[in-house]
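Participant: okay, sequence plus prediction incoming.
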Amino acid sequence: MTRRRPVYLDHQATTPLDPRVLEAMLPWLTGDFGNAASRQHAFGWVAESAVSAAREEIAAVLGAQPAEIVFTSGATESNNLAILGAARAARGRGDHVVTSAVEHRSVLDPCRQLAAEGFEVTVLAPDETGRIAVEAVDAALKERTILVTLMAAQNEIGTLNPLAEIGALCASRGVLFHTDAAQALGKVPFDVRSGVALASLSAHKLYGPKGIGALWVRARPRVAVAPLVFGGGHERGLRSGTLNVPGIAGFGAAVRLALRERDVEAVRLAALRDRLDGAIRAALDGVTLNGHRVERLPGNLSLSFAGVDGESLISALRSLAVSSGSACTTASAEPSHVLRALGIPDALAKATIRFGLGRFTTVAEIDFAASEIVAAVRRLRSEKASLSA
Ligand SMILES: *Cc1c(COP(=O)(O)O)cnc(C)c1O
């Protein structure tokens, strides 16, 4: 089969814009182009009304209040604002922060920055499924701990953390709990009333536009956050800068659609994922699942293929847009820090494929993907066997 473009199975990296989201954005990119901070005329008022509507929609899915939503450029910025902002604001009370080895770079790097500023950072190891046990968090807490930051859903292996338990623990110990919910929002139930103090969100992981996200900052009990961006005092002084009205309108629409379709879509995606997993395992030995068997995102499948070279595997899969187990951000092709933290040997980590299924993924695409990967692994293994014969 020849295809002009590879089959897109990388929905944990980003998702396509849903056409209904684009529809909701268009007026704010064209005629209604006003600045939501313009109080003197109707262009500003209608823009502000679009922002308010989206703020209400996003707050509602979280079980939060609209005034608790701070719009940002995405989860990277939200993670930076939450971690640097909350830790710096709480410095008088303590200087210890807890995170984990499987967090996104946009959590690990701000934590590293805090360490450079004199904070002590504890990096927890996950269990073999990628989960952070509440007991591990409990054991790490100290008198001086001010912040725990752990993700809701892992972007490489899909593992879900026991948020409610960790939230309850942090609440009982008077420690702020931040969670990076970029992968969880709209995919699995996620409610900030589970003991969370700060939550990072991103629109482009749920069929919204890129470059827009939010940080939810709990109002009661109030969470102090020191801003990173200063200027016009937008977003209650927490994030200055003219609001991205089309992006915000799109984010609101994306959240509304995702919530409405979430449970039905989760069942469909899990069935497609199991079909892919089943077809691959029926045809190949030496395939291991990374992550948790049950507590995981429905649209994620991370598999490691023993006995094949990772780089050869990726180059053999040109017809599939998938992600490999190496950090492609660096030329050195180091295995991902997440797979390393799970204790997966480097060679096997490099021979790992993350399949990310999404809203527009079809059965035909899944069957095609399965046959491509099976053929590629078989060919690479037989080449290797004949080389060593
Ligand atoms: C994508 C992602 C981010 C970064 O989000 P942006 O909006 O692209 O900055 C952060 N954390 C996780 C878990 C992600 O999947």
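Facilitator: Thanks, I have it.

Participant: for this structure, give me the ranges with low pLDDT.
Facilitator: 1-3, 327-332, 389 (pLDDT under 70).

Participant: so which residues on it come close to the ligand?
Facilitator: By C-beta under 6 Å from any ligand atom, the residues of the chain that approach the ligand are 74-76, 104, 106, 151, 155, 180, 182-183, 202, 204-205, 213. No exception for glycine: its C-beta is placed from N, CA and C like everyone else's.

Participant: what's the farthest-apart pair in these?
Facilitator: Across these, no pair lies farther apart than Met151 and His204, at 16.8 Å, counting by C-beta to C-beta.

Participant: who's more crowded, those two?
Facilitator: Using other C-beta atoms under 10 Å as the criterion, Met151 and His204 rank with Met151 on top: 28 against 23.

Participant: give the contact list for the closest residue to the ligand within the chain.
Facilitator: Residue of the chain nearest the ligand, by C-beta to the nearest ligand atom: Gly74 (2.5 Å). Counting by C-beta atoms under 8 Å, 6 or more residues apart in numbering, Gly74 makes contact with 202-204, 210-213.

Participant: same question for Ser312.
Facilitator: By C-beta under 8 Å, 6+ apart, the contact list for Ser312 reads Leu380.

Participant: ok, and for whichever helix or strand it is part of, which residues are buried?
Facilitator: Taking DSSP states H and E as the criterion, Ser312 maps to helix 310-316. Neighbour-count burial for helix 310-316 flags 310, 313-314, 316 (criterion: 16 or more other C-beta atoms under 10 Å).

Participant: show me where the stretch 1-150 of the chain has strands.
Facilitator: Remark: strands assigned in the stretch 1-150 of the chain by DSSP state E, counting those that start in this stretch are 7-8, 69-72, 96-100, 120-124, 145-149.

Participant: nearest to Phe360, of those?
Facilitator: Phe360 lies closest to strand 7-8 among these, at 8.0 Å (C-beta to C-beta).

Participant: which other helices and strands does the closest one contact?
Facilitator: In terms of contacts (3 or more C-beta pairs under 8 Å, 6 or more residues apart in numbering; DSSP states H and E), strand 7-8 is packed against strand 320-321, helix 363-388.

Participant: just how off-centre is it within its chain?
Facilitator: Distance of strand 7-8 from its chain centroid, counting by C-alpha atoms, centre = their mean, to the nearest Å, is 19 Å.

Participant: partners of it, with directions?
Facilitator: As defined by DSSP bridges, the strand partners of strand 7-8 come to strand 320-321 (parallel).

Participant: what does whichever helix or strand comes after the strand it pairs with contact?
Facilitator: Once the chain leaves strand 320-321, the next helix or strand it forms, by DSSP H and E, is strand 323-324. With C-beta under 8 Å, 6+ apart as the test, strand 323-324 has contacts from 10, 12-13, 156, 310, 313-314, 350, 352-354, 356.

Participant: ok, now which ones touch His11?
Facilitator: His11 touches 299, 356-358, 361, counting by C-beta under 8 Å, 6+ apart.

Participant: what about those, which are in strands?
Facilitator: Gly356 (DSSP state E).

Participant: of all the contacts of His11, which two lie farthest apart?
Facilitator: So, those by C-beta to C-beta: farthest apart are Gly356 and Thr361, at 8.9 Å.

Participant: give me the common contacts of those two.
Facilitator: Listed contacts common to Gly356 and Thr361 are 9, 11, 299; contacts here mean C-beta under 8 Å, 6+ apart.

Participant: hmm, the last one is touching Ile366, no?
Facilitator: No. At 11.3 Å, Gly299 and Ile366 do not qualify as touching, with contact defined as C-beta atoms under 8 Å.

Participant: joint contacts of the two?
Facilitator: Leu357.

Participant: looking at these two, which has the bigger crowd around it?
Facilitator: For Gly299 versus Ile366, the count of surrounding residues by other C-beta under 10 Å is larger for Gly299: 25 against 22.

Participant: who's in contact with that one?
Facilitator: 11-12, 158, 187, 269, 273, 356-358, 361.

Participant: so of the residues of the chain next to the ligand, which ones are in helices?
Facilitator: 75-76, 106 (DSSP state H).

Participant: neighbour-wise, give me the winner out of these.
Facilitator: Ala75 (29 neighbours).
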